[in-house]
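> Just a sequence and a predicted model for now, questions to come.
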Amino acid sequence: MAEPGIKEFHKFINEGLREEILKRYLNFIILSEADLQSHMYQLLSNYLKEHESKTGLHKVLNKPYLKEINIHPDIIVFRRNKPWVVMELKEGKKLKELAASRDFRRLVKVREHFKQKRYAIRRGYLFHVSRYSSDNIIKTSDSKLPRFLYEVSVTLGKILSYEEMKAWEAEFKKWAKYISNPSKIANKKDTR
(Lines give C-alpha, C1' and ligand atoms only; values in the text may rest on other atoms or scores of the structure.)
Protein backbone atom coordinates (compact mmCIF):
# COMPACT_ATOMS: atom_id res chain seq x y z
CA MET A 1 0.00 0.00 0.00
CA ALA A 2 1.42 3.39 -1.00
CA GLU A 3 1.42 5.99 1.73
CA PRO A 4 -0.60 9.11 0.97
CA GLY A 5 1.41 12.07 -0.25
CA ILE A 6 0.41 15.67 0.24
CA LYS A 7 -1.69 15.69 -2.96
CA GLU A 8 -3.73 12.67 -1.87
CA PHE A 9 -4.13 14.11 1.63
CA HIS A 10 -5.21 17.46 0.17
CA LYS A 11 -7.77 15.70 -2.04
CA PHE A 12 -9.14 13.82 0.97
CA ILE A 13 -9.53 17.05 2.95
CA ASN A 14 -11.31 18.84 0.10
CA GLU A 15 -13.56 15.96 -0.86
CA GLY A 16 -14.04 13.02 1.53
CA LEU A 17 -13.39 14.89 4.77
CA ARG A 18 -15.38 17.95 3.72
CA GLU A 19 -18.36 15.78 2.72
CA GLU A 20 -18.29 13.79 5.97
CA ILE A 21 -18.12 16.98 8.06
CA LEU A 22 -21.05 18.43 6.07
CA LYS A 23 -23.10 15.27 6.67
CA ARG A 24 -22.38 15.35 10.42
CA TYR A 25 -23.18 19.07 10.62
CA LEU A 26 -26.46 18.62 8.75
CA ASN A 27 -27.42 15.77 11.11
CA PHE A 28 -26.69 17.75 14.32
CA ILE A 29 -23.69 15.64 15.30
CA ILE A 30 -21.40 18.68 15.14
CA LEU A 31 -22.85 21.46 17.30
CA SER A 32 -19.76 23.44 18.28
CA GLU A 33 -16.12 24.08 17.43
CA ALA A 34 -15.14 21.47 20.04
CA ASP A 35 -17.32 18.90 18.24
CA LEU A 36 -15.75 19.87 14.94
CA GLN A 37 -12.26 19.41 16.37
CA SER A 38 -13.11 16.03 17.84
CA HIS A 39 -14.60 14.75 14.59
CA MET A 40 -11.74 16.15 12.50
CA TYR A 41 -9.22 14.37 14.73
CA GLN A 42 -11.11 11.09 14.39
CA LEU A 43 -11.58 11.32 10.62
CA LEU A 44 -7.97 12.35 9.92
CA SER A 45 -6.58 9.61 12.18
CA ASN A 46 -8.75 6.95 10.57
CA TYR A 47 -7.85 8.04 7.04
CA LEU A 48 -4.12 8.01 7.73
CA LYS A 49 -4.23 4.64 9.50
CA GLU A 50 -6.09 3.11 6.57
CA HIS A 51 -3.70 4.48 3.97
CA GLU A 52 -0.23 4.38 5.50
CA SER A 53 2.22 1.72 4.42
CA LYS A 54 3.58 1.07 7.91
CA THR A 55 2.12 1.59 11.37
CA GLY A 56 3.04 4.80 13.12
CA LEU A 57 4.14 6.72 10.02
CA HIS A 58 1.58 9.45 10.78
CA LYS A 59 0.39 10.90 14.03
CA VAL A 60 -2.47 13.35 14.51
CA LEU A 61 -2.32 15.62 17.56
CA ASN A 62 -5.32 17.49 18.89
CA LYS A 63 -4.47 20.97 20.28
CA PRO A 64 -0.72 20.39 20.85
CA TYR A 65 1.16 23.16 22.65
CA LEU A 66 4.09 24.61 20.75
CA LYS A 67 6.00 26.02 23.68
CA GLU A 68 8.65 27.93 21.72
CA ILE A 69 6.04 30.11 20.02
CA ASN A 70 3.28 29.86 22.62
CA ILE A 71 0.61 28.59 20.21
CA HIS A 72 -1.95 25.76 20.41
CA PRO A 73 -2.85 24.92 16.80
CA ASP A 74 -6.13 23.03 16.64
CA ILE A 75 -4.59 20.04 14.84
CA ILE A 76 -1.11 19.09 13.66
CA VAL A 77 -0.47 16.05 11.51
CA PHE A 78 3.03 14.62 11.89
CA ARG A 79 4.73 12.46 9.28
CA ARG A 80 7.85 10.54 10.28
CA ASN A 81 7.78 12.46 13.58
CA LYS A 82 7.99 15.85 11.85
CA PRO A 83 5.14 18.37 11.48
CA TRP A 84 3.55 17.96 8.06
CA VAL A 85 0.15 19.71 8.13
CA VAL A 86 -1.26 22.29 10.55
CA MET A 87 -4.95 23.14 10.85
CA GLU A 88 -7.09 25.81 12.46
CA LEU A 89 -10.81 25.14 12.76
CA LYS A 90 -13.82 27.41 13.10
CA GLU A 91 -17.53 26.72 13.58
CA GLY A 92 -20.25 29.31 13.92
CA LYS A 93 -23.16 31.10 12.37
CA LYS A 94 -20.82 33.21 10.24
CA LEU A 95 -17.03 33.25 10.14
CA LYS A 96 -15.78 36.72 10.91
CA GLU A 97 -12.89 38.11 8.89
CA LEU A 98 -11.05 39.17 12.06
CA ALA A 99 -11.10 35.61 13.47
CA ALA A 100 -10.01 34.20 10.10
CA SER A 101 -7.14 36.71 9.90
CA ARG A 102 -6.00 35.80 13.41
CA ASP A 103 -5.98 32.09 12.56
CA PHE A 104 -4.23 32.85 9.28
CA ARG A 105 -1.43 34.64 11.17
CA ARG A 106 -1.16 31.69 13.57
CA LEU A 107 -0.75 29.25 10.66
CA VAL A 108 1.95 31.44 9.11
CA LYS A 109 3.73 31.78 12.46
CA VAL A 110 3.79 27.99 12.94
CA ARG A 111 5.08 27.52 9.40
CA GLU A 112 7.85 30.09 9.85
CA HIS A 113 8.90 28.58 13.19
CA PHE A 114 9.28 25.10 11.76
CA LYS A 115 10.92 26.43 8.61
CA GLN A 116 13.70 27.80 10.84
CA LYS A 117 14.01 24.33 12.38
CA ARG A 118 14.32 22.90 8.85
CA TYR A 119 10.97 21.10 9.07
CA ALA A 120 8.86 21.82 6.06
CA ILE A 121 5.21 21.99 7.00
CA ARG A 122 3.61 21.30 3.66
CA ARG A 123 0.15 22.72 4.22
CA GLY A 124 -1.80 24.99 6.50
CA TYR A 125 -5.59 24.76 6.47
CA LEU A 126 -8.28 27.05 7.77
CA PHE A 127 -11.29 24.72 7.87
CA HIS A 128 -14.53 26.53 8.70
CA VAL A 129 -18.06 25.28 9.13
CA SER A 130 -20.83 27.85 9.18
CA ARG A 131 -24.36 28.64 8.24
CA TYR A 132 -23.80 31.79 6.18
CA SER A 133 -20.07 32.46 5.56
CA SER A 134 -18.62 32.64 2.11
CA ASP A 135 -15.53 31.04 0.65
CA ASN A 136 -12.16 32.75 0.53
CA ILE A 137 -12.36 34.88 3.63
CA ILE A 138 -8.59 35.15 3.79
CA LYS A 139 -7.04 37.61 1.41
CA THR A 140 -3.27 37.63 1.03
CA SER A 141 -0.85 39.36 -1.28
CA ASP A 142 2.09 37.11 -0.38
CA SER A 143 2.71 35.01 -3.49
CA LYS A 144 4.45 32.22 -1.51
CA LEU A 145 1.51 31.55 0.82
CA PRO A 146 -1.11 30.27 -1.65
CA ARG A 147 0.96 27.10 -2.05
CA PHE A 148 0.92 26.67 1.73
CA LEU A 149 -2.38 28.07 2.97
CA TYR A 150 -5.72 26.59 1.99
CA GLU A 151 -9.21 27.45 3.06
CA VAL A 152 -11.87 24.76 3.20
CA SER A 153 -15.42 25.92 3.70
CA VAL A 154 -18.57 24.02 4.64
CA THR A 155 -21.43 26.50 4.29
CA LEU A 156 -25.01 25.33 4.73
CA GLY A 157 -26.49 28.49 3.20
CA LYS A 158 -25.05 27.40 -0.14
CA ILE A 159 -26.86 24.07 -0.21
CA LEU A 160 -30.09 24.66 1.72
CA SER A 161 -32.99 26.83 0.64
CA TYR A 162 -34.13 29.67 2.92
CA GLU A 163 -36.97 27.56 4.34
CA GLU A 164 -34.72 24.52 4.85
CA MET A 165 -32.16 26.73 6.57
CA LYS A 166 -34.70 28.17 9.01
CA ALA A 167 -35.97 24.67 9.88
CA TRP A 168 -32.37 23.43 10.30
CA GLU A 169 -31.47 26.37 12.57
CA ALA A 170 -34.52 25.75 14.78
CA GLU A 171 -33.51 22.11 15.22
CA PHE A 172 -29.85 23.09 15.70
CA LYS A 173 -30.78 25.47 18.55
CA LYS A 174 -32.77 22.71 20.20
CA TRP A 175 -29.72 20.43 20.30
CA ALA A 176 -26.97 23.03 20.81
CA LYS A 177 -28.79 24.61 23.76
CA TYR A 178 -30.65 21.63 25.08
CA ILE A 179 -33.39 22.13 27.66
CA SER A 180 -34.64 19.04 29.49
CA ASN A 181 -37.97 20.58 30.50
CA PRO A 182 -38.95 23.48 28.23
CA SER A 183 -42.20 24.11 30.14
CA LYS A 184 -40.23 25.16 33.26
CA ILE A 185 -38.34 27.74 31.21
CA ALA A 186 -41.59 29.02 29.69
CA ASN A 187 -43.17 29.27 33.19
CA LYS A 188 -40.19 31.24 34.50
CA LYS A 189 -40.55 33.73 31.66
CA ASP A 190 -44.28 34.09 32.35
CA THR A 191 -43.79 34.91 36.06
CA ARG A 192 -41.44 37.83 35.52
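On my side now, so go ahead.
> Check which helix or strand K90 maps to.
Using DSSP states H and E, K90 sits within strand 82-92.
> ok, that strand: who's next to it in the sheet?
Strands that pair with strand 82-92, judged by DSSP bridges, come out as strand 75-79 (antiparallel), strand 123-130 (parallel).
> quick one: stretch 86-93 to chain centroid distance?
Computed by CA atoms, centre = their mean, to the nearest Å, the chain-centroid distance of stretch 86-93 equals 4 Å.
> contacts for that stretch?
If you take CB atoms under 8 Å, 6 or more residues apart in numbering as the criterion, stretch 86-93 is touched by 30, 32-33, 35-37, 40, 73-77, 99-100, 103, 106-107, 110-111, 121, 123-132. To be clear about C-beta, it is placed using only N, CA and C from the backbone, and glycine gets the same treatment.
> Y132: how many residues sit nearby?
Counted with other CB atoms under 10 Å, the neighbours of Y132 add up to 13.
> likewise E33?
Neighbours of E33 (other CB under 10 Å): 15.
> and the strands paired with strand 82-92 as TSV, adding mean neighbour count and mean pLDDT?
Converted to TSV, the strands paired with strand 82-92 look like this (neighbours: other CB atoms under 10 Å; pLDDT from 0 to 100):
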stretch	mean neighbour count	mean pLDDT
strand 75-79	20	95
strand 123-130	23	94
